[in-house]
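J.: Structure, please.
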Amino acid sequence: EVQLVESGGGLVQPGGSLRLSCEASGFTFDDYTIVWFRQAPGKEREGISCIRGSGGHTSRSDFMQGRFAISRDNNQNTISLQMNSLKPEDTAVYYCKGSSRYSDVEYWGQGTLVTVSS
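T.: Okay, here's the model as predicted:
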């Protein structure tokens with residue numbers, strides 16, 4: 001069974017940190033580019049950062065100004081998103097998506113909720 005499972009969300013105070021994980025199973029992980037998205041209440045889903053099977057990554061500069069960092073462990077089939085200096089506007093459901101290098105196949109996780117509040 002193909003699965004992408006996010007974890008690591010929760011309630012954190014402004015200025016705090018969280019590390020999200022996206023664990024994959026059921027497909028050849030390093031053939032897939034993994035993208036982190038988020039969707040805040042009442043807003044459209046937006047992309048944050050993507051990382052290819054080789055480990056090369058592309059990130060939106062407004063997220064990655066020393067606050068977010070993406071990493072990949074192909075041995076553990078896991079992508080991580082380290083989030084620091086969190087702000088209330090970072091409150092959202094965070095999703096990961098896997099996109100095949102060789103086809104249009106995509107897989108989505110169920111999301112993990114991050115709430116930044118005092």
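J.: what residues are up against residue 16?
T.: 86, 116 (Cβ atoms under 8 Å, 6 or more residues apart in numbering). C-beta coordinates here come from the backbone N, C-alpha and C atoms, glycine included.
J.: switch the cut-off to 7 Å
T.: Residue 16 sits next to residue 86 when contact means Cβ atoms under 7 Å, 6 or more residues apart in numbering.
J.: for it, phi and psi?
T.: Backbone torsions for residue 16, taken as degrees, to the nearest 10, come to phi -80, psi -180.
J.: For stretch 84-96, C-alpha coordinates in CSV please.
T.: Extracted in CSV, the C-alpha atoms of stretch 84-96 (Å, rounded to 0.1, in the frame of the first residue of the first chain):
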residue,chain,number,x,y,z
ASN,A,84,12.1,27.7,13.5
SER,A,85,11.0,31.1,14.7
LEU,A,86,7.4,30.1,14.1
LYS,A,87,4.8,32.9,13.8
PRO,A,88,1.0,32.8,14.2
GLU,A,89,0.6,33.1,10.5
ASP,A,90,2.4,29.7,10.1
THR,A,91,-0.7,28.1,11.5
ALA,A,92,-1.9,25.6,8.9
VAL,A,93,-2.2,22.0,7.9
TYR,A,94,1.1,20.9,6.4
TYR,A,95,1.1,18.3,3.7
CYS,A,96,3.7,16.4,1.8
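J.: which residues sit against it?
T.: 4, 6, 9, 12, 14-18, 20, 22, 34-40, 67, 79, 83, 108-109, 111-117.
J.: Quick check on the residues you listed: which are buried?
T.: 4, 6, 9, 12, 18, 20, 22, 34-38, 79, 83, 109, 111-112, 114, 116 (16 or more other Cβ atoms under 10 Å).
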